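Enquirer: okay, predicted coordinates and the sequence, questions at the end:
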Amino acid sequence: MRRAVAVGTGVGHYPVPLVTRVFSGIQPSGALHLGNLLGAVRNWVVDQHEADSFFCVVDLHALTTPQDPAALRAATVGLAQLLMACGLDPEVCTLFVQSQVAAHTELAWLMECTVSFGELRRMTQFKDKSDRSDFVSAALFTYPALMAADILLYDTDRVPVGDDQRQHLELTRDVAIRFNSRYGDTFVVPEAVIPKAGARVMDLQSPTNKMSKSLDSPQGTIGVLDDLEQIDKKIKRAVTDTDGEVRFDPSNKPGVSNLLSILAACTGRTPEQTAEGYSQYGPLKSDTAAAVVEVLTPIQQRYRELAGDPAETARLLALGADKAAAVAGPVLQRARAAIGLLPRA
Ligand code: TYM
């Protein structure tokens with residue numbers, strides 16, 4: 001296993017990168033919103049320069065709810081372009097589409113055989129999503145097994161995600177530890193990395209719900225590609241409260257705390273530090289709107305350039321899939337051998 005070899009205790013025939021490995025994923029369902037950007041994608045842009053980083057558009061995860069095929073294809077390419085517009089550089093990191101690396105589905109089966117029904121039943125995201133859907137696929141239930149496969153295939157050390165993925169990451173760790181103890185050291189046990197500010201961006205109109213692609217709340221959600229004037233208006237109309245005090249207190253002041261978190265994430269401070277500069281809601285809203293617009297303006301410009309060249313995007317994604325498969329393949333073989341599957345003669 002990569003980490004064991006890296007610290008000099010293992011014997012192995014695997015390539016041995018000594019740097020930290022980062023992996024994360026994002027679904028191509030719904031438009032990328034400010035929560036995705038501040039909770040995850042912005043941190044990936046930094047990670048790619050500090051670690052051997054793999055970022056994946058998880059189209060197979062999107063299939064857990066019914067999708068229109070043409071729309072899914074367009075969303076997959078569009079999200080890859082938007083990730084590049086946000087700053088992911090395919091020359092620096094490995095950016096790829098999940099379904100183009102077959103090892104993900106194969107390892108997912110081994111993960112389904114290692115995770116228990118009871119563990120999957122406890123996943124709060126399954127409960128939330130299944131409560132809201134007429135059709136609940138079996139894959140929506142086993143979704144965390146595929147997610148564990150995504151992560152474990154890359155000998156991942158760190159998984160930068162928003163707060164809502166915490167439980168899935170805990171499960172991935174448990175599954176990796178169980179597999180290792182049943183079949184011998186096979187997987188690196190990964191850690192979640194959750195940012196201090198922006199890990200849970202809330203809906204601007206219902207600040208006790210997280211901002212989400214799937215909830216129908218156009219006034220409460222800021223799409224990364226939304227019109228900038230509309231964004232300014234949405235933030236200025238955000239729900240606050242009546243006591244008038246600017247203080248970071250998510251349980252008692254969810255609306256104000258959400259604005260402070262957004263402003264803090266955009267300006268690289270903590271929400272508490274950010275609160276010190278304000279005594280009224282008006283200036284807090286104006287500054288938050290200005291900071292968000294400042295972050296989004298260059299992303300939107302770059303996206304318009306990239307969107308004009310889908311063939312180049314497809315080429316870059318194919319290169320990414322090749323790089324990903326070269327790492328995932330040996331890890332999959334290691335897992336197959338450990339669990340007792342017969343090697344091909
Ligand atoms: P997804 O596509 O829902 O979200 C992508 C990333 O955005 C974060 N995020 C948020 N952060 C802050 N505030 C919010 N309101 C908010 N909403 C979303 C998510 O935490 C996530 O980091 N299951 C994953 C995709 C996945 C994955 C993986 C992630 C599949 N395989 C392997 C990491 C590693 C998901 O549905 O993310």
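Expert: Sure, I can see it.

Enquirer: can we go C-alpha only for contacts and neighbour counts from here?
Expert: OK.

Enquirer: domain-wise, how is this structure divided?
Expert: Following automatic domain parsing, one finds the domains of the chain at 4-198+309-339, 228-305.

Enquirer: the ligand contacts on the stretch 1-150 of the chain?
Expert: Counting by C-alpha under 6 Å from any ligand atom, the residues of the stretch 1-150 of the chain lying close to the ligand are 24-27, 35-36, 39-40, 58, 147, 150.

Enquirer: make CSV from these and add secondary structure to it.
Expert: Listed next are these as CSV, based on DSSP: H, G, I helix; E, B strand; the rest coil:
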residue, secondary structure
Ser24, strand
Gly25, strand
Ile26, strand
Gln27, coil
Gly35, helix
Asn36, helix
Gly39, helix
Ala40, helix
Val58, coil
Met147, helix
Asp150, helix
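
Enquirer: what is the nearest of those residues to Pro271?
Expert: Nearest to Pro271 among these, counting by C-alpha to C-alpha, is Gly39 at 14.1 Å.

Enquirer: hmm, the closest one is touching Pro195, no?
Expert: Yes. Between Gly39 and Pro195 there is a contact under C-alpha atoms under 8 Å: 6.6 Å.

Enquirer: name the residues contacting each of those two.
Expert: Common neighbours of Gly39 and Pro195, counting by C-alpha atoms under 8 Å, 6 or more residues apart in numbering, are 161-162.

Enquirer: any idea which element Glu229 lies in?
Expert: According to DSSP states H and E, Glu229 maps onto helix 228-236.

Enquirer: list the buried residues in that helix.
Expert: 228, 231-232, 234-236 (16 or more other C-alpha atoms under 10 Å).

Enquirer: one more: stretch 159-168?
Expert: 159-163, 165-168.

Enquirer: same list, those, but only the ones touching the ligand.
Expert: Okay, of the buried residues of stretch 159-168 touching the ligand (C-alpha under 6 Å from any ligand atom), that's 161-163, 165.

Enquirer: contact partners for the closest residue to Leu38 other than its chain neighbours?
Expert: Nearest residue to Leu38, sequence neighbours excluded (C-alpha to C-alpha, 6 or more residues apart in numbering): Gly198, at 5.1 Å. Residues near Gly198 by C-alpha under 8 Å, 6+ apart: 35, 38-39, 162, 261-262, 264-265.

Enquirer: report pLDDT for Gly198.
Expert: Looking at Gly198, its pLDDT stands at 93.

Enquirer: and the gap between it and the ligand?
Expert: Using C-alpha to the nearest ligand atom, to the nearest Å, we find Gly198 at a distance of 6 Å from the ligand.

Enquirer: max-length helix in the chain?
Expert: When the chain is parsed with DSSP state H, its longest helix is helix 310-339.

Enquirer: tell me how far it lies from the chain's centre.
Expert: 19 Å (C-alpha atoms, centre = their mean, to the nearest Å).

Enquirer: near the ligand, anything from that helix?
Expert: No. Helix 310-339 is not in contact with the ligand by C-alpha under 6 Å from any ligand atom; minimum separation 13.7 Å.

Enquirer: that helix - what's its average pLDDT?
Expert: 97.

Enquirer: wait, Val292 touches Thr267, no?
Expert: No. Between Val292 and Thr267 there is no contact under C-alpha under 8 Å: 9.4 Å.

Enquirer: who has more neighbours, the two?
Expert: Higher neighbour count among Val292 and Thr267: Val292, with 22 against 15, using other C-alpha atoms under 10 Å.

Enquirer: near the closest residue to the more buried one other than its chain neighbours, how many other residues are there?
Expert: Leaving aside its sequence neighbours, Val292 sits nearest to Cys266 (C-alpha to C-alpha, 6+ apart; 6.6 Å). Residues lying near Cys266 (other C-alpha under 10 Å) number 20.

Enquirer: cool, Ala40 as well?
Expert: Residues near Ala40, counting by other C-alpha under 10 Å: 24.

Enquirer: what sits against it?
Expert: 160-162, 199.

Enquirer: switch the cut-off to 7 Å
Expert: By C-alpha atoms under 7 Å, 6 or more residues apart in numbering, the contact set of Ala40 is 160-162.

Enquirer: and what of Ala139?
Expert: Each residue near Ala139 by C-alpha under 7 Å, 6+ apart is listed here: Thr64.

Enquirer: now name the helix or strand holding it.
Expert: For Ala139, the host element (DSSP H and E) is helix 138-152.

Enquirer: what angle do helix 310-339 and that helix make with each other?
Expert: 90 degrees (axes from the mean of the first three to the mean of the last three C-alpha atoms, to 10 degrees).

Enquirer: which SSE is immediately downstream of helix 138-152?
Expert: As assigned by DSSP H and E, the chain's next helix or strand after helix 138-152 is strand 158-160.

Enquirer: which strands or helices does that following strand pack on?
Expert: Packing contacts for strand 158-160, counted by 3 or more C-alpha pairs under 7 Å, 6 or more residues apart in numbering; DSSP states H and E, involve strand 21-26, strand 191-193.

Enquirer: same for the longest one, what does it pack against?
Expert: Using 3+ C-alpha pairs under 7 Å, 6+ apart as the contact criterion, the elements in contact with strand 21-26 are strand 52-57, strand 158-160.

Enquirer: only the C-alpha atoms, please, for that strand, written as PDB.
Expert: Taking Å, rounded to 0.1, in the frame of the first residue of the first chain, the C-alpha atoms of strand 21-26 are listed here in PDB:
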ATOM      1  CA  ARG A  21      -2.800  12.400  -2.300                       C
ATOM      2  CA  VAL A  22      -6.100  14.400  -2.400                       C
ATOM      3  CA  PHE A  23      -9.300  13.200  -4.000                       C
ATOM      4  CA  SER A  24     -12.700  14.800  -4.200                       C
ATOM      5  CA  GLY A  25     -15.800  14.600  -6.300                       C
ATOM      6  CA  ILE A  26     -18.900  16.600  -7.400                       C
END
